[in-house]
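1. attaching a predicted model along with its sequence, questions to come.
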Amino acid sequence: MPVFSMNGDFEIGGIFSIHIYTRSEKNTYARQPLQPQCSGSINLRGLRFARAMEFTIHEINNRTDLLPGITLGYQIHDSCSEVPMAVKVAFQFANGMEPFFNDTDSCSKSAAAAVPALIGDSSSTPSMSMARLLGLFGIPQVSHYATCACLSDKLQYPSFLRTVPSDYHQATALARMVKHFGWTWIGAVRSDTDYGNYGMASFLKAAQEEGICVEYSESYYRTQPRSKLERVANVIRRSTARVIVTFLAASDIKFIFEELTRQPPPPLQWIGSETWIIDPDILRFNMCAGAIGFGIPRSVIPGLREFLLDLSPAQALKSPLLTEFWESSFSCSLKGSSEGARECNGSEDIRALQNAYTDTSQLRITNMVYKATYAIAHAIHGVICRPNDTQCDKSPKFTPWKVLVNLKSL
């Protein structure tokens, strides 16, 4: 089920990595498996990205020069940063919003409907899995954060677009930066994902061309055994390279930093990819002092902070995700929804929170969500609105391919 939704004349899909795990259960094959559910703590940046899409659609609906007379709606899902959940959501976007298998003889009306376009996912591997499926239906997918250079292959991903640059450019720039500082003996660590493997492969090729030598190249993913994490940490501790180039997701490098903190290595010069070099939760580690890398330029989105902070306990209770956010932020229970915790008494002040959700001082990837939402709105406008119309036509039937063609021309 979507974590946020609103009905409209046309509904835009959204999928974001708000949690980083799915709850697993042993399949007994004696009954139908339960629907997959996200688990673990909330990724507050991911929550901010999802709510930024909400904010942008409300902003578009209040405009008179873009889609006049049209109300955009949205269906926003949590991918849990996992491929199975992302594929499940992609099928819903392609075939209708029903979350359950239809085993009747006839399809419902909603099953024949598809979203005209969608935003997401936040990670490259889930985005790739979705793009292969959505491309068959010609449904445009505009990602705000999937940077893998492999997604530029239009034969495999014909309807995939993004508002964030490809890692090909970042890898080349990182190699040139390392060469600029005269660092010719380095270590390399990557996420064991498409993002990390493709990104590091591009960097190593560029580094070789620049005459840079690599002592080791290690990989790690957050669900791998602890023995693998310890091995990567020990390689870093024992190596002679004092400069480490990383293509790591923030959720992966957090585990590595926590492991290295147990037995700190000599001072290292960390060079980070865009996923963690601008993440405040990662930069709090002492060993990140002096870390350098390339980030998306910061921006300002007027009104977004007020929208994010316009949240009361009553409003939070309307959404299980916002309820979870409220309770974890204030360590209390909303109307007894969590056992063993004190009940929220109304004195909680969201404006007093200082975390990744409320921090709007460096809107980087959030601005990519903002741009992606506006791009889709302009593309739909080009399909259903004629020049100088004061009211756009709500009735025309169109295929997502038409929206895709317009998106490519923006």
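-> Now that the structure is in, tell me what you want to look at. Numbers count the residues shown, from 1 in each chain.
2. contacts for stretch 258-271?
-> Where contact means Cβ atoms under 8 Å, 6 or more residues apart in numbering, the residues beyond stretch 258-271 that reach it are 174, 177-178, 183, 229-230, 232-233, 236-237, 242-246, 285-288, 290-293. The way it works is simple: take the backbone N, C-alpha and C, and place the C-beta from them, glycine included.
3. ranges for the helices of the stretch 251-400 of the chain?
-> For the stretch 251-400 of the chain, applying DSSP state H, counting those that start in this stretch gives helices covering 274-277, 280-283, 304-309, 313-317, 320-330, 365-384, 400-408.
4. what's the closest of those helices to R162?
-> Ranking the helices of the stretch 251-400 of the chain by proximity to R162 (Cβ to Cβ) places helix 365-384 first, at 7.9 Å.
5. which strands and helices lie in contact with that closest one?
-> The elements that helix 365-384 packs onto, with contact taken as 3 or more Cβ pairs under 8 Å, 6 or more residues apart in numbering; DSSP states H and E, are strand 10-16, helix 44-61, strand 118-119, strand 141-143, helix 400-408.
6. report the angle between the axes of that helix and strand 10-16?
-> 160 degrees (axes from the mean of the first three to the mean of the last three Cα atoms, to 10 degrees).
7. tally of neighbours for P320?
-> A count of nearby residues for P320, using other Cβ atoms under 10 Å, gives 12.
8. excluding its backbone neighbours, what's nearest it?
-> Leaving aside its chain neighbours, P320 sits nearest to V3 (7.5 Å; criterion: Cβ to Cβ, 6 or more residues apart in numbering).
9. pull up the gap between the one you found and I15, please.
-> Separation of V3 from I15 (Cβ to Cβ, to the nearest Å): 10 Å.
10. need the residues touching each of the two.
-> I76, H77, D78.
11. do I have it right that the first one meets P2?
-> Yes - the criterion here is Cβ atoms under 8 Å, and I76 meets it with P2 at 5.5 Å.
12. between these two, which is the more surrounded one?
-> Remark: of I76 and P2, I76 carries more neighbours, 26 against 21, as counted by other Cβ under 10 Å.
13. contacting residues for the more buried one?
-> When contacts are counted by Cβ under 8 Å, 6+ apart, I76 touches P2, V3, F4, S5, G13, G14, I15, F16, A50, M53, E54.
14. quick revisit: right, and the helices of the stretch 251-400 of the chain - which one's nearest E25?
-> Closest approach to E25 among these is made by helix 320-330 (19.1 Å; Cβ to Cβ).
15. for that closest one, list every residue counted as buried.
-> Applying a neighbour-count criterion of 16 or more other Cβ atoms under 10 Å, one finds L321, L322, T323, E324, F325, W326, E327, S329, F330 buried in helix 320-330.
16. over to stretch 77-90?
-> 77-83, 85-90.
17. repeat for stretch 343-361
-> Quick answer for stretch 343-361 (16+ other Cβ under 10 Å): C344, E348, I350, L353, A356, Y357, T358, D359, T360.
18. kindly check the end-to-end length of it for me.
-> End-to-end distance for stretch 343-361, by Cα to Cα, to the nearest Å: 32 Å.
19. chain center to it, what's the gap?
-> When distances are taken as Cα atoms, centre = their mean, to the nearest Å, stretch 343-361 is centred 22 Å away from the chain's centroid.
20. residues contacting the residue nearest the centre of the chain?
-> In the chain, the residue lying closest to the centroid (Cα atoms, centre = their mean) is S122, at 1.9 Å. Contact analysis of S122 by Cβ under 8 Å, 6+ apart lists F16, S17, G46, F49, S79, S81, S143, H144, Y145, A146.
21. format the residues you listed as TSV; extra columns: pLDDT and distance to P116.
-> Converted to TSV, the contacts of S122 look like this (pLDDT from 0 to 100; distance: Cβ to Cβ, whole Å):
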residue	pLDDT	distance to P116
F16	98	19
S17	96	23
G46	96	24
F49	98	20
S79	96	20
S81	92	25
S143	98	16
H144	98	18
Y145	96	21
A146	97	20
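22. per-residue pLDDT, A341?
-> Here the pLDDT value assigned to A341 is 77.
23. phi, psi of it?
-> phi -100, psi 150 (degrees, to the nearest 10).
24. shift numbering so it begins at 30
-> Sounds good: first residue 30 from here, last item A370.
25. my read is that G301 contacts T275, right?
-> Yes - with contact defined as Cβ under 8 Å, G301 reaches T275; the gap is 5.5 Å.
26. which one of the two has more residues nearby?
-> For G301 versus T275, neighbours defined as other Cβ under 10 Å are more numerous around T275 (28 against 25).
27. so the nearest residue to the more buried one once chain neighbours are set aside, which state does it fall into?
-> Distance criterion Cβ to Cβ, 6+ apart; nearest residue to T275, sequence neighbours excluded, is V218 at 5.0 Å. Three-state assignment for V218 (DSSP: H, G, I helix; E, B strand; the rest coil): strand.
28. tell me the bridge partners for V218.
-> Judged by DSSP bridges, the bridge partners of V218 are E247, T275.
29. list the contacts of it.
-> Counting by Cβ under 8 Å, 6+ apart, V218 touches 246-249, 261, 265, 273-277, 282, 285.
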